[in-house]
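In: for reference, the sequence and a predicted model appear below.
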Amino acid sequence: MPTKTRNLAGVLLSYKAENILFDVGEGTQRQLKIAGVKPGKVTKILISHWHGDHVLGLPGLLQTFMASQYHGTLEIYGPRGSKKYFENMMKGFAVKEIVEYKLKEVGSGKFFETNDFYLEALPMKHGAPCLGFAFVEKERRRIDMKKAKKLGLIEGPLLGKLQKGQTITLKGKKIKPDEVSDVVEGKKIVYVTDTEPCDNIVKLAKGADLLIMEATYSSQLQEKAEEYGHLTAKEAGMLANQAGVKKLILTHFSQRYKNVKELEEDARQVFDDTEAAEDFMKVRL
């Protein structure tokens, strides 16, 4: 449930022209406005599961897209059953039309890929079909312009080929990519919510630069977490450790916690680089 200081699930990942929204809890479009994000900038919506606290902001957001003359086709991804749930949800509103969209039900593995990044999903363990998501930026080559200029290279298609890892020929001389560039590893960001501990969490989050993960209860309420299919903060820290992630952001807190420092400290017992999320928090990688 929302509190006076915390809204429901909704995480926005911005990368170049992409704005990927993970879950659309009630009030998400207002949160976007407060954060200064125009709703029409959202390119993809990834639904972890169809419990109300993760999707009840969807109809209003889609209507706002329509009123804002959204350009292009909105991409929506979710677990099995998403098409049925989405159709049933939209039947409850007197809406003649919504933005053009395509909805794809996702299982395991990669479900979207470009030259720059790919998205993948794995099933989590919850009371309803639920997915965890990973955004994985591909490694890229960074040109050293000083070295390039010494060899007579300037901006243009030849530099583009070197960035793609291809050997080029300039004035009869072959130039290999390693002579003027180095490889930069891509970033990995993982979103996991509403699940019991399971192997797929570690598999999906392996080596992530940032893991955003639920911590509904403290370890003092272990039995309640097991009863409702959630993680404790300490379990989140242990899983982050097992996956070898660099940073852990906790989210999806029970409303009983007025001060989530208790949860942050719970996780830090086993994983030091942990922060409890706050509404409108920004993390740059």
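Out: Good, I have the coordinates. Numbering: from 1, shown residues only.
In: check which residues of stretch 266-285 are buried.
Out: 266, 267, 268, 270, 271, 274, 275, 276, 277 (16 or more other C-beta atoms under 10 Å). Every C-beta, even on glycine, is put in place using the N, C-alpha and C of the backbone.
In: end to end, how far does it reach?
Out: 25 Å (C-alpha to C-alpha, to the nearest Å).
In: farthest pair within the buried residues of stretch 266-285?
Out: 270 and 277 (18.4 Å; C-beta to C-beta).
In: follow-up on the earlier one: mind giving me a markdown table with the buried residues of stretch 266-285 and columns for secondary structure, distance to residue 58 and pLDDT?
Out: Below are the buried residues of stretch 266-285 laid out as a markdown table (DSSP: H, G, I helix; E, B strand; the rest coil; distance: C-beta to C-beta, whole Å; pLDDT from 0 to 100):
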| residue | secondary structure | distance to residue 58 | pLDDT |
| --- | --- | --- | --- |
| 266 | helix | 32 | 97 |
| 267 | helix | 30 | 97 |
| 268 | helix | 34 | 97 |
| 270 | coil | 35 | 97 |
| 271 | coil | 32 | 98 |
| 274 | strand | 30 | 98 |
| 275 | strand | 28 | 97 |
| 276 | strand | 26 | 97 |
| 277 | coil | 21 | 97 |
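In: thinking residue 203 is in contact with residue 122, fair?
Out: Yes. With contacts counted by C-beta atoms under 8 Å, residue 203 reaches residue 122, the gap being 6.2 Å.
In: compare the two (neighbour count), which wins?
Out: Legend: neighbour count by other C-beta atoms under 10 Å for residue 203 and residue 122, higher for residue 122 (21 against 13).
In: which strand or helix spans the more buried one?
Out: When elements are assigned from DSSP states H and E, residue 122 belongs to strand 117-123.
In: name the strands paired with the next helix-or-strand element following that strand and say parallel or antiparallel.
Out: Following the chain from strand 117-123 toward its C-terminal end, the next helix or strand by DSSP H and E is strand 131-137. If you go by DSSP bridges, strand 131-137 pairs up with strand 117-123 (antiparallel), strand 188-192 (antiparallel).
In: cheers, nothing more for now.
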